[in-house]
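# A structural model of the following input is requested.
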Amino acid sequence: MGRGLIAAIVAFLVPACAVAGPYFSVAGGAVFLEDSDLEANGLDGEAEFDTGFAVSGAGGYAFGGLGLGTFRTEVEVAYRQNDVDKISVSGLGTASGGDAEVSVLSGMVNVALDLDTGTVVKPYVLVGVGAASVTLESDDLGADDDDIVFAYQAGAGLGFAVTEAVTVFTGYRYFGTTDPEVEGIDAEYSSHNLEAGVRFEF
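Okay, the predicted model is just below:
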């Protein structure tokens with residue numbers, strides 16, 4: 001009788017403290033890059049961008065049994081790219097962005113919480129910090145320069161457990177950096193991202 005009670009207690013406690021285990025994820029989506037204020041050689045301007053794309057991959061560890069849900073820590077590598085739509089310079093007018101594009105390669109450390117709803121739908125929140133290489137490229141302008149800056153992000157979305165080991169997710173993510181300097185131009189980088197992906201747990 002005593003052994004049965006102990007076994008029942010252990011069976012109850014062990015899953016609550018269990019580690020969910022390692023995982024990796026891949027995702028892609030659309031990048032809406034905010035207009036960037038520009039400053040160079042005493043001139044002020046602004047750049048506008050077309051909608052771009054992002055791809056990312058992450059690997060991490062999930063910890064279960066936290067009451068609210070599953071806590072995750074991960075390392076993420078992502079690539080974002082947007083074409084320059086047009087550039088305006090104070091007092092000089094507006095010109096097409098030509099073939100100019102801005103890309104960002106980032107490495108981030110993220111923490112996330114998947115909320116337990118008792119169903120296959122699990123809302124999540126995420127924050128992260130890291131570094132990003134912001135690059136401006138244009139054959140027309142003869143530009144090819146990059147700057148490594150501090151990066152940060154925050155997001156939220158919904159995960160859908162397809163199986164115990166596979167979760168598909170979709171959500172929103174804000175991604176920004178400290179001001180990069182490329183080709184002698186002080187600029188800004190902040191973006192709104194819509195993403196969808198899949199996470200595989202081991």
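# what distance separates the lengthiest strand in the chain from the centre of its chain?
Ordering each strand of the chain by length in residues (DSSP state E) puts strand 69-89 first. How far strand 69-89 lies from its chain's middle: 5 Å, per Cα atoms, centre = their mean, to the nearest Å.
# Now do that strand: which elements does it pack against?
Secondary-structure packing of strand 69-89 (3 or more Cβ pairs under 8 Å, 6 or more residues apart in numbering; DSSP states H and E): strand 19-33, strand 43-49, strand 52-63, strand 93-96, strand 101-115, strand 121-138, strand 190-201. Quick note: C-beta positions are derived from backbone N, CA and C, even for glycine.
# try 7 Å
Where contact means 3 or more Cβ pairs under 7 Å, 6 or more residues apart in numbering; DSSP states H and E, strand 69-89 is packed against strand 19-33, strand 43-49, strand 52-63, strand 93-96, strand 101-115.
# Of those strands, which stretch is the most buried?
Among the helices and strands packed on strand 69-89, strand 101-115 has the highest mean neighbour count (mean count of other Cβ atoms under 10 Å), at a mean of 19.
# show me where pLDDT drops low in the chain?
Residues of the chain meeting the criterion pLDDT under 70: 1-19, 65-66.
# Look up phi and psi at residue 34.
phi -70, psi 150 (degrees, to the nearest 10).
# What sits closest to it if chain neighbours are left out?
Closest residue in space to residue 34, ignoring its immediate chain neighbours: residue 190 at 4.9 Å, by Cβ to Cβ, 6 or more residues apart in numbering.
# and that neighbour, how many residues sit next to it?
Residue 190 has 13 neighbours, counted by other Cβ atoms under 10 Å.
# can you check residue 152 too?
17.
# Which residues are in contact with it?
For residue 152, the contact set (Cβ atoms under 7 Å, 6 or more residues apart in numbering) comprises 128, 129, 176.
# of the residues you listed, buried ones?
The neighbour-count criterion (16 or more other Cβ atoms under 10 Å) marks 128, 176 among those as buried.
# Dump the contacts of residue 152 into TSV; add distance to residue 158 as well.
Output for these, formatted as TSV (distance: Cβ to Cβ, whole Å):
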residue	distance to residue 158
128	19
129	24
176	23
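# picking up where we left off before, each with direction, which strands does the longest strand of the chain pair with?
Here strand 69-89 is paired, per DSSP bridges, with strand 43-49 (antiparallel), strand 52-63 (antiparallel), strand 93-96 (antiparallel), strand 101-115 (antiparallel).
# Surely residue 140 is in a strand?
No - looking at residue 140 with DSSP: H, G, I helix; E, B strand; the rest coil, it is coil, so not inside a strand.
# any idea how far it lies from residue 195?
Note on residue 140: its distance to residue 195, by Cβ to Cβ, to the nearest Å, is 31 Å.
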